[in-house]
Every structure is written in C-alpha cells, then in structure tokens.
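Trainee: Starting from these lines, generate the structure:
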Amino acid sequence: MGRIKIVTDSALDMTSNELQKMGITMVPLTVLIDGKTYLDTVDISAEEFLDKMAAAAELPKTSQPPVGQFLEVYNQLGADGSEIISIHMTGSMSGTYQSAKQAAEMSSSNVTVIDSRYISKALSYQVLEAARMASSGHSVTEITARLEEVRDQTKLYIMVDTLENLIKGGRIGRAKGFIGSLLNIKPIANLDIGALSPVTKVRSHAKGLRFFTDQLAEELAGKELVHFSIMHAGRNSAAFSEKLKEEVERMTGFTGVEVGVTAPIISTHAGPGAVGIMYQAK
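Mentor: Here you go, the predicted model:
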C-alpha cells in the first residue's frame, strides 16, 4: 500500500538536511546572475548569492521549475502507489504553483497541489505539518484541512531596505502605494492575502524594531507560539534580526526563534537588507 509523500519548492528556507530528515522532496527554482544559471539553494548558497548580487551589474532574474520537472518528480514518487501533496510558495509571486498544477493534471500519480499563500519559513510551517501528519498515517483530506488551520494561524511581515528589486521584479503587488519619495524609508508590508500589502513605513532599523515589538506584543497576547522565524538578506539586517529575536524571546518566553539568511529566490526580489518576520501562533 502506498503512502503520502510531500513535495515543495526552494522558497521555504529549509536546508537539504532538514528536508531529507523529514522525507520531503524539494523542486528548486532557478536564479540567473551574471550570465550564469543556478538551481536555487542547490548550486549556490544564500550567502554566496548575496555576495554575487552585491557585485552584479544587473539585478538577478528568477524562473519557476518547468512543468516537466514537476511531472518527472510526481511520476517517480507515485510509482509505488503513493499519493502526493505538493505545497508551494504563494501563486501571486511566482508561476511555481501553476507549473505544479499543470504537472499534476498530466501525471499518472494522485497529486494534490496547494498554494500556501506564503514564502520562506511561513511556507515551511505548512510543509513540516504535512510531513509530520503523513508519517503518522493521516489521509490527504485530513492533512489539507489541517493546512488551512496552519495557514490561518500564520503571519508574515517583510521590511525592505530598497524597493528596486521588488519593482523591477514585478512583485510589488498591492504595495504600489509605497512607491514615491522613499529616501531613507524602510517600507513594511504583510503577506496576509498571499500578496504584499502595505502596513507602514519607518525611517530606521531602530524604529522598525519598535514597530515590530509593539505590533507583536499586541498580536501575540494570549496566544501560544508554535513557530517564530526571522529570515534576512544580509547587509545590516543581520544585527536587526538578532535584536528582534532577543525582544521576542523577552516578550513571549519562546526560546525557539529561528534566525537565518533567506534563499536566493527570495533575496532576488526582496533585495539586500530585507527582513522577513513570521510566526505561527494558536
């Protein structure tokens, strides 16, 4: 009898060791920089990519996995009769979800494709929950219902140092209201609707720290944290991330706050110095 296998993409900010441990198959997007193409997080690390992006003459470009790549993965994983749940980054920012949907319709395997409506660690919360439930023998129906709950419990904010990457990459979405006189301003948006929506603007990391401390204190009051993650795109955002981690731990007593450098596919569009703050709370 087959089981349920989990597939995702490289926007979830998990290491290959973490994926392997949980039995999760990751289909990478690709990034093009300085005339060379790399498989996201496979051929190039997050740190290496940031160095290359800082020195590049032009902004990097990205592309979703081709339909054929998903099809090959689905057919291979389902050859033993296993069902597949394929969970992907928000469809409003990438064609990855649509590529996966097309492949699922063509595949001989039984594939359920899900738009997580998130990126980075916020995507990983759903993927990890699906993998845990699959290993415990839950059905596809039970898992997909639970993922809706996880999605509703999740929140993601992004603070960017520059809008250049988002604008040129076409990922600005509903955050168009930020465009204008933005000298020394750090826009903050959320991803509650699967696309970037403006929240506020701050003029320094210190004021950004104050905003998030106040905002999170209000949002998390009376709730239990399941996950809290801070992913950044280098530059001076690393120090900000560590300070915010300390504040969150002080406020909540939660000791599992993750801090790391985000994947090339996200750094490309968020730009250098961006910070993603995300959590799951119930």
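Trainee: shaky segments in the stretch 51-200 of the chain?
Mentor: Scanning the stretch 51-200 of the chain for pLDDT under 70 picks out the ranges 162-184.
Trainee: One more pass at 80, please.
Mentor: 162-185, 193-195 (pLDDT under 80).
Trainee: Can you list the residue ranges for helices in it?
Mentor: For the stretch 51-200 of the chain, the helices defined by DSSP state H, counting those that start in this stretch occupy 67-77, 96-106, 120-135, 140-152, 164-168.
Trainee: in the second one, what counts as buried?
Mentor: Residues of helix 96-106 classed as buried by neighbour count (16 or more other Cβ atoms under 10 Å): 96-97, 99-104. Yep, even glycine has a C-beta here, placed from its N, CA and C like the rest.
Trainee: Contacts for it next, please.
Mentor: 7, 9, 11, 27, 29, 64-71, 74, 84, 86, 88-91, 111-113, 115 (Cβ atoms under 8 Å, 6 or more residues apart in numbering).
Trainee: Could you rerun that using 6 Å?
Mentor: 9, 64-65, 67, 70-71, 74, 86, 88-89, 91, 111, 113, 115 (Cβ atoms under 6 Å, 6 or more residues apart in numbering).
Trainee: Ok, the fourth one next?
Mentor: Around helix 140-152, the neighbours that count as contacts under Cβ under 6 Å, 6+ apart are 83, 112, 125-126, 129-130, 133.
Trainee: Equivalent analysis for the first one, please.
Mentor: Taking Cβ under 6 Å, 6+ apart as the criterion, the residues outside helix 67-77 that touch it are 5, 27, 84, 99-100, 102-103, 106-109, 111.
Trainee: can you pull out the strands in the stretch 151-282 of the chain?
Mentor: 154-159, 186-190, 197-202, 225-232, 258-261, 275-281 (DSSP state E, counting those that start in this stretch).
Trainee: ok, and for the shortest one, which residues are buried?
Mentor: I take that to be strand 258-261. Buried-residue list, strand 258-261, by 16+ other Cβ under 10 Å: 260-261.
Trainee: May I have the strands that pair with it, each with its orientation?
Mentor: Here strand 258-261 has these sheet partners by DSSP bridges: strand 225-232 (parallel).
Trainee: List of residues touching the partner strand?
Mentor: 13, 120-121, 125, 238, 241, 244-245, 248, 252, 254, 257-260, 262, 275-281.
Trainee: Just the buried ones from these?
Mentor: Buried members of the contacts of strand 225-232, scored by 16+ other Cβ under 10 Å, are 13, 120-121, 125, 238, 241, 244-245, 248, 252, 254, 257, 260, 262, 275-281.
Trainee: Please tell me how far the residue lying closest to K121 once chain neighbours are set aside sits from Q98.
Mentor: Once flanking residues are discounted, K121 sits nearest to S229: 3.6 Å by Cβ to Cβ, 6 or more residues apart in numbering. Per Cβ to Cβ, to the nearest Å, S229 is found 26 Å from Q98.
Trainee: Repeat that for T154.
Mentor: 22 Å.
Trainee: and if you look at I185?
Mentor: 34 Å.
Trainee: Tell me the one of the contacts of helix 96-106 nearest S45?
Mentor: D9 (17.1 Å; Cβ to Cβ).
Trainee: Tell me how many other residues crowd the closest one.
Mentor: 28 (other Cβ atoms under 10 Å).
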